[in-house]
Every structure is written in C-alpha cells, then in structure tokens.
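J.: have a look; sequence and predicted model below, questions after that.
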Amino acid sequence: MRAINSGDTWPAAMLPFSILSQGTLYLDMFADFFQSLNFDPHMVLLSHGHFLSFYPIVIPVLITPFYIIPYSLFNLIHLPLNMLDSSFYLAIFILEKIFASLISVASVVFCYLSLKELIRREIAYICAAIYAFATNTWVTSSQALWQQGMVELILSVLIFLTIINEKNRSNINIIYMGILSGLFMFNRPSDTPLLLPFLVYVLLIGKRTFLYYLFFSVFSGFPFLVYNLYFFKNIFGGYTNLLSDFSLGTSILMNLSGLMISPSRGLLIYSPILILSLFGYTHIKEIDGWNLKLFLKIAGISILLQLLVYGSYRIWWAGHCYGPRFLVCILPFLVVYIGLFLNGWLRFDRIRGKYLVYLCLIGLLLIWSVSVQVIGAFCYPNGNWDGTPEDVDLGERLWDWNDNQITRSIQAGPIIVNPFVIF
C-alpha cells in the first residue's frame, strides 16, 4: 500500500475524475493544484485555454469505467474532488496504485495463457512468476499508471491472440488485434516498432485479414488521433516536443550499453535472468507452425529496433525511476523466449552433474533479479539516488558502480514511515 509514482503519471490518475465529473478531457478542475506546485508542472500544458495531459490519454480513458464506483462513493460521502484536499489527494494515489497493479496482474495472466499454449504448463507458471517478480513489471508497471504498464498488457494480449489464432483462425481474433494495435500506437508512440511482428503476421494470412486488422486499428486509434490533431496540431500529441531529443549520433553505442549494463539503469543488472531469452531465441525452430516461427523471429527484430529508438534518445535513462523503465515494453517477448529455452532445457528428472551446476547458475540469476525488485518495491526512493548529490538527469552518475541506485536503496533501508510516498 505504498505509491511509487511520479509527476508524469499524475494526469492519468486525475483524468478519470474529470471525465466522470465534468464530461471532459480537460484537467481544468485541478487547475488550482497545478498552479500551487513549486516546480514547473511538466505533466500538463495549456492548449485552447485548457489544462491538458502532456502524456497520452489512452490509459485514463480505458480505466474510467472502473472509476465509476469510487467516484460515486466520493460523491456519497461528499468528499471534495480537489487535489488540495488531503483526503482526495491520498485517495487519488491509492486508486492509481490499485489500477496499476490490476493492469500488471492482467498482463501476467495473459503472459501465462500465451506460454501454456507453446510450452509445458509447469514451465509457463515459472515464466509467469519470472515476469511478475523478477522484472520491472513489479517495480515500474504495478506501482503507477505509467504507459509501460498498458504496453505490457496490450502486448501480452496481442501475443496470446496471435498464438490462439494459429490454432484456430478467426476474424474475431484479428478484429481484437486491430483494436488493440490502434490503442497501443497512441498509448506510447515510441513503442510502435513492437507492432511489426503482428503486422507481418496478419499480412501473411491474407489481404482480407489485413484489411480487417487495418480497419479496426484505425477505428480504435481515430479518436486519439483527432484529439492529438485538435489540441497539439500533430499525431504524436505532447510527445512531439521530445522529438528533438532523438538522434542517431555517435553516442548511441554508449547509450545502448547503458540500457543493458549501466549499474543504475541496465536491464541485465536489474534482471539478469533475462539473459536466458537470448538462448530461447534459438529454440524458435522447435515451435510448430511456420507463421508462428516467423512471428517470433520478427519479434526479435522489433526488439532490436526498440533498443535503437531508446538508444537514440538523449535521456535514455528515463529520468527519475527505478531501473530500466523504458525497456519494460519488451518484457512480454523476452519472457516468451525464456519459456522456449526452459521448455527445451529444463528437465526435473536429470538434475545432476554439469546440469546441476547450470541450474544453480540460473537460480543465482533468478535470486539476484527478484532481490533487486524487492529492494525497489520496499526501499525505493529511500536514499534519493535520483536527486542527490546531483540530479540524475544531468547524466553524470549512471556509470558509477560505487554509488549506484541499488546499493543506495539497500543502505537507506525499507520505507516504513509515510505509507504513501508522493514525490
């Protein structure tokens, strides 16, 4: 019951109340709160004389129906819908934590459902647990309404739909894939390369199937396209202001290294168990069905493209957060690859000799990965590594092995005072 959020996620937490109370996508009802902040309210901007979310609004729009009950309850007890009221302020972030957690739980469920169609059920359970507790699905996606949580959920459902469609083809599956793809694109435009394997898969099935997919992608994405064009004069919304921060310069190799092995942001530092996905990629050939094999091979290409996107971003470390927040998007694919590896390699009836040594090494990787997530879930942001001795966004401490985010959080210890930490 501790919120680990950021100002970036505040609009998503507030907007459902604007929709239900005012019937609008404006955040004007919280104008007093934004004006009271003693820092630049970067999470909102003014357009057409109204406060709007700087970030995409797919998440708050989709979860608004689930806010009807708490909204009705607040009206019943006459709780003012005002962020300057301490009770409502606290309630906003309790709800944010709850719905972020539910989104992550749903993505874990679909991760398991996908895996059990491909591999042994017991291995699918293991991989779902790895996805849930040994990666930043826990410390990032389940803590606040980041776009990454919805990326994981939509991607997990898309993978599931692709797999079951190969077993029993249906236009209904393609329609759902189209709807989800449109939402995916406008939820986080920078993660669009991850749609490549689905696009190729649908194209391979046939022209009519592709038209179904395309039509329903446009159908679900069109309202958000209109919103972006009207209020921001472009298709990317507020993200257009960040386009100048992307550059394929000489720093990209260093940035990519940071995304992988930086002591305070590296994917393989925070979740070294994910290294098994590289071995799993070689097991794609063991899957039945040419289309599914090609789908998973192209998914690997889309992951590389995604790494290039964030490697070309000036603030590749994703600002104030715990670990590799930007790379949460690729986790559903990586866990599928881990499942393919374990399914082909792990046999409980031959645990001896050299095999036992390898198993112990994998166990150590898993223990490290889960432990790092536990540290984030219970200690971060204690120690304030992001802010001291200087702001992490200056980019000067990301390679400091002596004073890194994980050890600083361990040394600071668990947060036991102030159950909700809002920073």
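T.: Here it is on my side, so go on.
J.: alpha carbons only: can I get stretch 25-33 in CSV?
T.: Extracted in CSV, the C-alpha atoms of stretch 25-33 (Å, rounded to 0.1, in the frame of the first residue of the first chain):
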residue,chain,number,x,y,z
LEU,A,25,-10.8,15.5,-21.2
TYR,A,26,-9.6,18.8,-19.7
LEU,A,27,-7.9,18.9,-16.3
ASP,A,28,-9.2,22.4,-15.5
MET,A,29,-10.9,21.2,-12.3
PHE,A,30,-7.4,20.6,-10.9
ALA,A,31,-6.0,24.0,-12.1
ASP,A,32,-5.5,25.3,-8.5
PHE,A,33,-3.4,22.2,-7.7
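J.: which other residues reach the helix or strand where Val336 lies?
T.: Element membership of Val336, judged by DSSP states H and E, is helix 331-345. For helix 331-345, the surrounding residues in contact (Cβ atoms under 8 Å, 6 or more residues apart in numbering) are 107, 111, 114-115, 118-120, 123-124, 126-128, 130-131, 135-137, 152, 155-156, 159, 194, 273-274, 276-281, 283-284, 286-287, 296, 299-300, 302-303. Yep, even glycine has a C-beta here, placed from its N, CA and C like the rest.
J.: now do stretch 212-222
T.: Outside stretch 212-222, the residues touching it (Cβ under 8 Å, 6+ apart) are 171, 174-175, 177-183, 185-186, 199, 202.
J.: and the longest helix along the chain, what's buried?
T.: As assigned by DSSP state H, the longest helix anywhere in the chain is helix 86-118. By 16 or more other Cβ atoms under 10 Å, the buried positions in helix 86-118 come out as 88, 91-93, 95-97, 99-101, 103-104, 107-116, 118.
J.: was I right about Leu307 contacting Ser257?
T.: No: Leu307 is beyond contact range of Ser257, at 10.9 Å (criterion: Cβ atoms under 8 Å).
J.: more neighbours: the two, which one.
T.: Leu307 (21 against 13; other Cβ atoms under 10 Å).
J.: what helix or strand does the more buried one sit in?
T.: With DSSP H and E as the criterion, Leu307 is inside helix 290-311.
J.: now the helix holding Val336: mean pLDDT?
T.: Per-residue pLDDT values over helix 331-345 give a mean of 96.
J.: export only the CA atoms of it, formatted as PDB.
T.: What follows is helix 331-345, C-alpha atoms only, in PDB (Å, rounded to 0.1, in the frame of the first residue of the first chain):
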ATOM      1  CA  LEU A 331       9.400  -7.900 -21.400                       C
ATOM      2  CA  PRO A 332       6.500  -9.900 -22.800                       C
ATOM      3  CA  PHE A 333       8.500 -11.000 -25.800                       C
ATOM      4  CA  LEU A 334      11.600 -11.700 -23.700                       C
ATOM      5  CA  VAL A 335       9.700 -13.900 -21.300                       C
ATOM      6  CA  VAL A 336       8.300 -16.000 -24.200                       C
ATOM      7  CA  TYR A 337      11.900 -16.600 -25.300                       C
ATOM      8  CA  ILE A 338      12.800 -17.600 -21.800                       C
ATOM      9  CA  GLY A 339       9.900 -20.100 -21.800                       C
ATOM     10  CA  LEU A 340      11.100 -21.600 -25.100                       C
ATOM     11  CA  PHE A 341      14.600 -22.100 -23.600                       C
ATOM     12  CA  LEU A 342      13.400 -23.600 -20.300                       C
ATOM     13  CA  ASN A 343      10.900 -25.800 -22.000                       C
ATOM     14  CA  GLY A 344      13.700 -27.400 -24.100                       C
ATOM     15  CA  TRP A 345      16.400 -27.500 -21.400                       C
END
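J.: what number of residues lie near Leu25?
T.: Neighbours of Leu25 using other Cβ under 10 Å come to 16.
J.: how near is the residue nearest to the spatial centre of the chain to Leu203?
T.: With distances taken as Cα atoms, centre = their mean, the residue of the chain nearest its centroid is Gln148 (2.0 Å). Relative to Leu203, Gln148 is positioned 27 Å away (Cβ to Cβ, to the nearest Å).
J.: again, but for Met29
T.: Relative to Leu203, and taking Cβ to Cβ, Met29 is found at 45 Å.
J.: what about these two, which has more around it?
T.: Met29 (17 against 13).
J.: what pLDDT does the model give the more buried one?
T.: 94.
J.: ok, Phe420 next?
T.: Confidence for Phe420, expressed as pLDDT, is 51.
J.: what's the answer for the one 3 residues further on, then?
T.: Taken from the predicted model, the pLDDT recorded for Phe423 is 41.
J.: can you give me the helices for the stretch 301-423 of the chain?
T.: Assigned by DSSP state H, counting those that start in this stretch, the stretch 301-423 of the chain shows helices spanning 331-345, 353-378, 405-412.
J.: need the winner for burial among those helices.
T.: helix 331-345 (a mean of 24; mean count of other Cβ atoms under 10 Å).
J.: on that earlier part again, wait, the residue nearest to the centre of the chain sits on Pro324?
T.: No: with contact defined as Cβ under 8 Å, Gln148 does not reach Pro324; the gap is 10.2 Å.
J.: just confirm Leu45 is within a strand.
T.: Yes: counting by DSSP: H, G, I helix; E, B strand; the rest coil, Leu45 is found in a strand.
J.: hey, what's it bridged with?
T.: Leu52 (DSSP bridges).
J.: pretty sure it is touching Phe54, no?
T.: Yes: judged on Cβ under 8 Å, Leu45 makes contact with Phe54 at a distance of 5.3 Å.
J.: hey, what's in contact with both of those two?
T.: In contact with both Leu45 and Phe54: Gly238, using Cβ under 8 Å, 6+ apart.
J.: now do the helix or strand Glu166 falls within against helix 86-118, angle only.
T.: For Glu166, the element it lies in under DSSP H and E is helix 147-167. Relative orientation of helix 147-167 versus helix 86-118 (axes from the mean of the first three to the mean of the last three Cα atoms, to 10 degrees): 30 degrees.
J.: from the chain's centre, how far out does the following helix or strand past helix 147-167 sit?
T.: Sequence order places helix 171-187 as the next helix or strand after helix 147-167, per DSSP H and E. Using Cα atoms, centre = their mean, to the nearest Å, the mean C-alpha position of helix 171-187 is found 17 Å from that of the whole chain.
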